[in-house]
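Engineer: Predicted coordinates and the sequence they were generated for:
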Amino acid sequence: MARRSTPGNIVTTTIDWAARWAQTQSMWPATFGLACCAIEMMATGTAHNDLARFGMEVFRASPRQADLMIVAGRVSQKMAPVLRQVYDQMPEPKWVISMGACASTGGMFNNYALVQGVDQVVPVDMYVPGCPPGPQSLMHGILTLQRQIMTGQKVSG
Amino acid sequence: MDEASGRSVVSAEEQAETQYVEEWVSGTEVPDEMATDEGAQEMALTESGYRFREQLGAVVTDDYLYEEEVSEDERMIINMGPQHPSTHGVLRLQLELEGEMIKRCKPVIGYLHTGMEKTAETLTFMQGPTNVTRMDYLAPLHNELAFSLATEKLLGVEVPPRAAAIRVLMTELNRISSHLVALATNGMDIGAISMMMYGFRERELILAFFEKTTGLRMNHNYIRPGGVAADLPPGWRKDVATILKTIPARLGEYDDLLKENPIWLSRTQGVGVITAEECRAYGITGPILRGTGVDWDLRKVFPYSGIEQYEFDVPVGTQGDVYDRYRVRVEEITQSLRIVEQAAEMMPSGDFRVDDRKVTPPPRARIDESMEALIHHFKIFTEGFRPPPGEAYAAVESPRGELGCYLVSDGGGMPWRCHIRAPSFYNLQALPVMLAESMVADTIATIASLDPVMGDVDR
């Protein structure tokens, strides 16, 4: 009934869908480069791979302005509290990508110094495998996360 | 406190702490104190001056690092990092300011400590490069080379000429890619964003060649004790020729962007100055030392991998400021291109691994037909080869300076001790000297010109 009565030049949608669309298309990552993966994260952002195509080129230095945290690299025991603090400073809604083997599981360093997986400190939405993951892998992870936000369901690879 | 009561007190404290950590990790309660204020006491304003004086070196007169006459209430301490866009990783600086002037600077490191030197004791010599390549992740091949040279010194083997030439070719290409990142980030930090895009564009060119040769863009594990992991891929001459043709033209573009750019000049000239004497006192090497006018390059003074056969110059600066370091890096790219060209021209034929069955795994085809080859293969990949007891130190000129590897063997299949002389760690000591009596805004330019890699500092 409502749809029939609206004039033809008004686009109808749901608030929910529009909000999700806006969230996915302008997702600003916080700069949280830690180790080797950070260099690949920078490479993803620069001209050759051009993360700007997906509305994510604005790497924000302040966590207050960011809604995605890409944990790029190994998280040491000393860094874990800092990481959690940065995560807490980010406004809702927020997402976390665990980039690389070290951030996801501790990688090849099963020793006293490293947190064996950043999911012990913050909730992780997407794991990107590799050591380090290439820019293509990271972009695939980001696009999969966008799809996940859009559908509101877990999407695998 | 007697032992019995002490134990009970500790357990109660532990319980409280566990609860605190649980609350904090789950995010239900905001921690009432900063979790990261470690080091604050050392920087406290009430501290007397002699503590800092006792750290003074014998040669360097860095009395200006602490001045007693300034009244304490005019001082302010600001904290930079560990999460900061221009700290090149997770470096944290505590800056003591008097207005805009930096009076004292204290780098706090350890945020990327990975325990790699300890991990190296649990890996065989053959697995070692996998570990060390992740230290200085902008120059992974140099790490592998230093480790391999030290292992070969322990073993007493000499790599064939082709392996040595491949090592030189790859490490010099790696030097170019590392310097490109240094230029790119240095530009970005001072606001020349175009430099960032340009630098990473050319880096992709070299990384594509690395990926073709080693299978990975970074952390290659390509240079191994006894040679390299694989021969150069078919068509490598064409790729190297493309690199040799492209990069010099692009260097001209960087010069257009930066060399005479007035903003760049005013941000870099006379900023972050260090003298040759101070460099020597702190053990600072690499482009920082050469920027002060000292032509110290390990490729010339202690040549490795037959690099003495190649013709190249050691560019030096005069002032020891940020601009000179930038110029030294650009010139070093040119010189590395010369070496790459010569290496590609005179690439010897032959084996790319040493012909020693105790060190080099046998070819796949030999395993099917020879029992001994199978045994050697099995031995090398399970317990590894066993160098005689002893110690060895080998150093290479990495893009950041002297990168050394000190190995101690007790006759087992794994190093008894592995220490890396990481150039970034020593170079970071220059920061308090460079930043003393400078402006806050110069901090960024100075850090970027040091080009520290925190993976190298903390290991």
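Structural biologist: Done, it's in.

Engineer: Is it correct that A:Met150 is in contact with A:Ala19?
Structural biologist: No. Assessed by CB atoms under 8 Å, A:Met150 is found out of contact with A:Ala19, at 10.8 Å. Glycine gets a C-beta too; all of them are placed from N, C-alpha and C.

Engineer: of these two, who's got more company?
Structural biologist: A:Met150 (15 against 12; other CB atoms under 10 Å in any protein chain shown).

Engineer: got a list of what the more buried one touches?
Structural biologist: Applying CB atoms under 8 Å, 6 or more residues apart in numbering or on different chains to A:Met150 gives the contacts A:20-21, A:24.

Engineer: Could you look up the SS state of it?
Structural biologist: With DSSP: H, G, I helix; E, B strand; the rest coil as the basis, the three-state label of A:Met150 is helix.

Engineer: For B:Lys118, which non-adjacent residue is closest in space?
Structural biologist: A:Asn111 (6.0 Å; CB to CB, 6 or more residues apart in numbering or on different chains).

Engineer: With B:Arg224 as the reference, measure out to the one you found.
Structural biologist: Look at A:Asn111 and B:Arg224: by CB to CB, to the nearest Å, they are 22 Å apart.

Engineer: So for those two, which sits in the more crowded spot?
Structural biologist: Set side by side, A:Asn111 and B:Arg224 show more neighbours around B:Arg224, with 24 against 14, by other CB under 10 Å.

Engineer: End to end on stretch A:74-83, go ahead and measure it.
Structural biologist: 11 Å (CA to CA, to the nearest Å).

Engineer: now do stretch B:437-444
Structural biologist: Using CA to CA, one end of stretch B:437-444 lies 15 Å from the other.

Engineer: ditto for stretch B:207-224
Structural biologist: Rule used - CA to CA; the end-to-end distance of stretch B:207-224 is 19 Å.

Engineer: quick one, strands of chain A?
Structural biologist: Secondary structure of chain A (DSSP state E): strands at A:29-30, A:68-72, A:95-99, A:126-128.

Engineer: what's in contact with the shortest one?
Structural biologist: For strand A:29-30, the surrounding residues in contact (CB under 8 Å, 6+ apart) are A:56, A:59-63, A:66, A:68-70, A:86, A:90.

Engineer: Weed out the non-buried ones from the residues you listed.
Structural biologist: Among those, those classed as buried by 16 or more other CB atoms under 10 Å in any protein chain shown are A:56, A:59-60, A:63, A:66, A:68-70, A:86, A:90.

Engineer: of these, closest to chain B?
Structural biologist: Distance to chain B across those (CB to the nearest CB) is lowest for A:Val86, with 5.5 Å.

Engineer: contacting residues for the residue nearest to that closest one when sequence neighbours are not counted?
Structural biologist: In space, and not counting its chain neighbours, A:Val86 is closest to A:Pro63: 4.8 Å by CB to CB, 6+ apart. Applying CB under 8 Å, 6+ apart, we find A:Pro63 in contact with A:30, A:69, A:86-87, A:89-90, B:83.

Engineer: So in chain B, where's the weakest helix or strand by average pLDDT?
Structural biologist: Sorted by mean pLDDT, DSSP states H and E, the helices and strands of chain B end with helix B:50-53, the least confident at a mean of 45.

Engineer: in the stretch 201-350 of chain B, what residue is nearest chain A?
Structural biologist: Counting by CB to the nearest CB, the stretch 201-350 of chain B gets nearest to chain A through B:Glu204 (4.5 Å).

Engineer: And A:Gln65, how far from chain B?
Structural biologist: To chain B, A:Gln65 is 12 Å away according to CB to the nearest CB, to the nearest Å.

Engineer: Now that we're looking at residue 111, what pLDDT does it have?
Structural biologist: Defaulting to chain A. Note on A:Asn111: pLDDT of 87.

Engineer: my question was about chain B
Structural biologist: So, for B:Tyr111, pLDDT stands at 88.

Engineer: Tell me how many other residues surround it.
Structural biologist: Using other CB under 10 Å, B:Tyr111 is surrounded by 26 other residues.

Engineer: now do B:Asp239
Structural biologist: So B:Asp239, with other CB under 10 Å, has 18 neighbours.

Engineer: show me what contacts the residue lying closest to it once chain neighbours are set aside?
Structural biologist: Excluding the flanking residues, the one nearest B:Asp239 by CB to CB, 6+ apart is B:Phe209, at 4.8 Å. B:Phe209 sits next to B:173, B:236, B:239-240, B:243 when contact means CB under 8 Å, 6+ apart.

Engineer: tell me which residues in the helix or strand hosting B:Phe209 are buried?
Structural biologist: Take DSSP states H and E as the rule and B:Phe209 turns out to sit in helix B:193-214. Neighbour-count burial for helix B:193-214, counted by 16+ other CB under 10 Å, picks out B:194-207, B:209-211, B:213-214.

Engineer: The residue of the stretch 201-350 of chain B closest to chain A contacts A:Ala43, doesn't it?
Structural biologist: Yes. Using CB under 8 Å, B:Glu204 is in contact with A:Ala43, at 7.1 Å.

Engineer: Restricted to helices, list the buried ones among the contacts of strand A:29-30.
Structural biologist: A:Val86 (DSSP state H).

Engineer: Tell me the residues of chain A that contact chain B?
Structural biologist: Taking CB under 8 Å from any CB of the partner chain as the criterion, chain A approaches chain B at residues A:31-36, A:38-40, A:42-43, A:46-48, A:59, A:61, A:63, A:73-74, A:76, A:78-79, A:81-82, A:84-86, A:88, A:108-109, A:111-114, A:120-121, A:131-132, A:134.

Engineer: hang on, the earlier thing: among the strands of chain A, which gets the worst mean confidence?
Structural biologist: strand A:29-30 (a mean of 86).

Engineer: now it, how far from the chain's geometric center?
Structural biologist: Distance of strand A:29-30 from the chain centroid (CA atoms, centre = their mean, to the nearest Å) equals 7 Å.

Engineer: B:Leu95: how many residues sit nearby?
Structural biologist: When neighbours are counted by other CB under 10 Å, B:Leu95 comes out with 19.

Engineer: now swap in the one 10 residues further on and tell me
Structural biologist: By the criterion of other CB under 10 Å, B:Cys105 has 21 neighbours.

Engineer: repeat for B:His113
Structural biologist: Residues contacting B:His113 under the criterion other CB under 10 Å number 21.

Engineer: Same check on B:Gly226?
Structural biologist: B:Gly226: 27 surrounding residues under other CB under 10 Å.
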